[in-house]
Every structure is written in C-alpha cells, then in structure tokens.
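>>> Could you look at this predicted model? Sequence included:
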Amino acid sequence: MQLATIIDVLQELAPPFLAEDWDNTGLLLGDPARSVDRALTCLTLTGDVATEAVAAGVQLVVTHHPLLFKPVQKLTAATPEGRTVLTLLQHGIAVYSPHTSWDNAPLGINQQLAELFELNDIRPLRPRQSSLGCKIIVYVPESARAAVQEALWNAGAGGIGDYTRCSFFGDGTGTFMGNASTNPAVGVPGRFEETPEVRLEVLCPANRVAAALAAVRQAHPYEVPAIDVVPLAETPDGSGAGRVGELPAAFSLSDFVARVREVLRAPMLQCVGDPIRRVQRVGIACGAAAEYLRDAHWQGCDVFLTGEGRFHAALEARDLGLGLVLAGHYQTERPAMERLAELLQERCDGVEVRASQVERDPLELLRVEGQKDRI
C-alpha cells in the first residue's frame, strides 16, 4: 500500500485539525509515494525501537511522541536523536506522528481511557473554542489542482468533523498581465491573458494556515498564486481535549486508585486527596497533562487522572480540593498505540502492522524493605 494511502487512514483516525497549536504532527520523515507493507507503532521512537524497525523490515513507524519535536540545526551521530534519524534515513523508514490529534480523536487515547473506566456521559474536558478557523481559497490551473489539493490536505487543511480531504472546486476564468520581468507559467510577459482556472476552497484550522499557505506556494505552478484567507465564525463541533464523565457509581478515592492500578497495570501511582473521599465525576487527560487541572475543577470533577505532573500541580490540586491521580505517562498512553496498530491492521489491506515489542517504560519501581503505600 502506498504511504499516502496509509496517511489518509491515519488522518481519518486522528484528524490533523484536532492537534494542539504547539504540536508537530503528521509525516515527519519519508516520501508519501513510497510503498509500505510493514509498519510499527510505538509511544516514543528511541534508538532501540529504530533498531527493531530495521530488523523487522518495516517501512513506516507511527510514533505517538514526535521525532524532531523542536527545530534542529544539525543531524549527526553525536546525539541520540541524530543517530535515530540517520538510521531511519539509511533504511528508508518513514515516520508519522499523530500525537495530540490522537489524544483528542473520537477513537483516541483519552476516549479509550474514559471507556476503560466505564464512564457515562463522556464529553471533552476542554471543548474546542474554534472548530473551523479559516477558509483558504486558491485559483489554480486544472492540471495542477490535484497536486495543490494534496499539498493542502497534507498540511492539515480540509478537515470537517470526522471527515478529512474535504474541498470544493469549480471552473472559472482567470485574467492577468505580467511585465517584462515576469516568467508566467501560462502565456507570455507583457500580454493580457485569459486562461481557464479552478477555484479551490478548503477549511483550515488557524494553527495550520501558515503551513498550508507554504504548501500551496510550493505545489502551485504560478510565480504568484492568488490566495484568499477568510476567517470563519466560531462554531462548536463537540470535539476537544481530554475527557470527563461519570463513574457508574461513587467510589472512595482509595478504591478508585486501586481500580486505576488494575486497569492500567500501573506499578506505581501518586495521589493527592483524602483516601476516603467519594468520587464519581472523573476528568481524564493522558500523558503529562496537569495543565488541565483547572478544566477538571471547572467541570465539577471529583478527581482528575493523568500520567504525570509537577510538584506545584499537586499543591494546586490540594488547594482546589480536587483529587489527583498520577498513573504514569507510559501507562496512560502506550496501550492506545497498541490499539492504533490493531486499527491500522484492520483498515490497511496487505500491510502488516504491530506495536513495538522492545519498548518499555523507562521508570522502574524499586521496593524498599518495610516501605508502605499511603493508599
């Protein structure tokens, strides 16, 4: 199967417009035209996972945490990340990261966590304030329409709700006249031209506009493409980050912690709150998401579950009177990457997909003789 087709599947499962503004998601390494018959999913693309990918003969790694998350100026074997990227390049292995779009997706990590704990009335913990962002309108020759569409879609434009690769186009006539210094793709300099063109429209999240415009200019045959960016009114669509819902019955915080330990197979849990307090409304945000504490408080949650948090987040939870359970970054996110492998296997005929077998939680619990758990 062509990598571009697998990317379409990934974007259906984790629509790019659901990604946070600060994130680096999508195809990070590789050629969409390449063929893929084996793929690997993982939480973090480390050196040992890259070695596993090479040994398994895969052509694609889908990693939750983005490779090259921050801008880099050098890629050398002097750094672990550099060695990993060079290994992948040498063996023609592509890298795709859905990250926060998978966190927030309808079938994504936070939804899976909410369903694992059998929450009722599940909804976003932090609803999206703007679901549409902008409309990008560009005029392009029919011969280049498909290339410009692909460029826009790959840059994160074209999403509406659970749909991706959305657009509208219609025929028209463009006019222009370049001076003697121009080099038009159609016609000649200094002559008034009328040429058939297509008006192409796509919706684009505000945080993807810059990338989409850059992609259009690279794919468009004209020296100076005519592009309009039209801001759209905010319209809630039911999507958002994290999840909140109700347990089937009220539990003590201590019992809820025990349930978390069992469901997530967490060797170590940290907790803020009175062990005997009753909890029923639960806020959830996977990974390192203590910044959602206030959202959980505003939503009237009794307890907030995330992977990890800073010391001051624990103090804030205590001051808010909000139970806080830290179950581990790996424990809250890795199972969903195993599920993503299953979903890709189901939807990508002819492609063998599995989760990494070598990936492990880097944190280990050391038991000291005589140590007692607080809860």
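Ah, there it is.
>>> Now the helix ranked longest in the chain: buried residues?
The helix spanning the most residues in the chain, taking DSSP state H as the definition, is helix 329-347. Within helix 329-347, the residues that count as buried by 16 or more other Cβ atoms under 10 Å are 329-337, 339-341, 343-344, 347. Where C-beta positions appear, they are placed from N, C-alpha and C, glycine not excepted.
>>> Next, Pro196: secondary structure please.
For Pro196, the secondary-structure state derived from DSSP: H, G, I helix; E, B strand; the rest coil is strand.
>>> what's the residue lying closest to it once chain neighbours are set aside sitting at in phi/psi?
In space, not counting the residues next to it along the chain, Pro196 is nearest to Thr173; the distance is 6.2 Å by Cβ to Cβ, 6 or more residues apart in numbering. In this entry, Thr173 is assigned phi and psi values of phi -130, psi 130 (degrees, to the nearest 10).
>>> My guess is Thr173 contacts Glu193. True?
No - the pair Thr173 and Glu193 fails to qualify as a contact (Cβ atoms under 8 Å) at a distance of 10.2 Å.
>>> more crowded one of the two?
Taking other Cβ atoms under 10 Å, Thr173 and Glu193 do not tie; Glu193 has more neighbours (14 against 9).
>>> So what does the closest residue to His297 other than its chain neighbours look like in phi/psi?
If you skip the residues right next to it in sequence, His297 has Leu320 as its closest partner in space, 4.9 Å away by Cβ to Cβ, 6+ apart. Note on Leu320: backbone dihedrals following degrees, to the nearest 10 are phi -80, psi -10.
>>> do you know how far Leu320 is from Asp295?
Look at Leu320 and Asp295: by Cβ to Cβ, to the nearest Å, they are 11 Å apart.
>>> out of these two, which sits in the busier spot?
Set Leu320 next to Asp295 and count neighbours by other Cβ under 10 Å: Asp295 wins out with 21 against 16.
>>> Could you pull up phi and psi at Phe168?
Its backbone dihedrals place Phe168 at phi -130, psi 140, with angles given as degrees, to the nearest 10.
>>> and the residue nearest to it when sequence neighbours are not counted, which of the three is it?
The spatially closest residue to Phe168, leaving aside those adjacent along the chain, is Glu201, at 4.5 Å (Cβ to Cβ, 6+ apart). When the structure is reduced to helix, strand and coil (three-state DSSP), Glu201 reads as strand.
>>> what bridges to Glu201?
Glu201 forms beta bridges with Ile137, Phe168, as assigned by DSSP bridges.
>>> related to what we said a few turns ago, could you list every helix and strand in contact with the helix or strand following the longest helix of the chain?
Scanning forward in sequence from helix 329-347, with DSSP states H and E defining helices and strands, the next element found is strand 352-355. Applying 3 or more Cβ pairs under 8 Å, 6 or more residues apart in numbering; DSSP states H and E, one finds that strand 352-355 makes contact with strand 38-44, helix 329-347.
>>> Okay, now the sheet partners of strand 352-355, with direction.
Each strand paired with strand 352-355, and its direction, by DSSP bridges: strand 38-44 (parallel).
>>> Identify each buried residue in the strand it pairs with, please.
By neighbour count, and taking 16+ other Cβ under 10 Å as the criterion, the buried residues in strand 38-44 are 39-44.
>>> Just want to check the distance between the residue nearest to Leu326 when sequence neighbours are not counted and Asp319.
If you skip the residues right next to it in sequence, Leu326 has Gln270 as its closest partner in space, 4.1 Å away by Cβ to Cβ, 6+ apart. Separation of Gln270 from Asp319 (Cβ to Cβ): 17 Å.
>>> Can you tell me the element the residue nearest in space to the middle of the chain falls in?
With the centre of the chain defined as its mean C-alpha position, the nearest residue by Cα atoms, centre = their mean is Ser101, 2.7 Å away. Per DSSP H and E: Ser101 is located in helix 99-104.
>>> how far does that helix sit from the chain's center?
In terms of Cα atoms, centre = their mean, to the nearest Å, the gap separating the centre of helix 99-104 from the centre of its chain is 4 Å.
>>> quick thing: my sequence starts at 632, can you match it?
Got it, first residue is 632 now, which makes that one helix 730-735.
>>> How about the helix or strand harbouring Val891, which residues are buried there?
Val891 belongs to helix 884-895 when elements are defined using DSSP H and E. Applying a neighbour-count criterion of 16+ other Cβ under 10 Å, the buried positions in helix 884-895 are 884-885, 887-888, 890-892, 895.
>>> follow-up on the earlier one: ok, so of the buried residues of strand 669-675, who is nearest Glu990?
Nearest to Glu990 among those: Cys673, at 5.2 Å, using Cβ to Cβ.
>>> wait, isn't that closest one in contact with Ala986?
Yes - the pair Cys673 and Ala986 passes the contact test of Cβ under 8 Å, sitting 6.9 Å apart.
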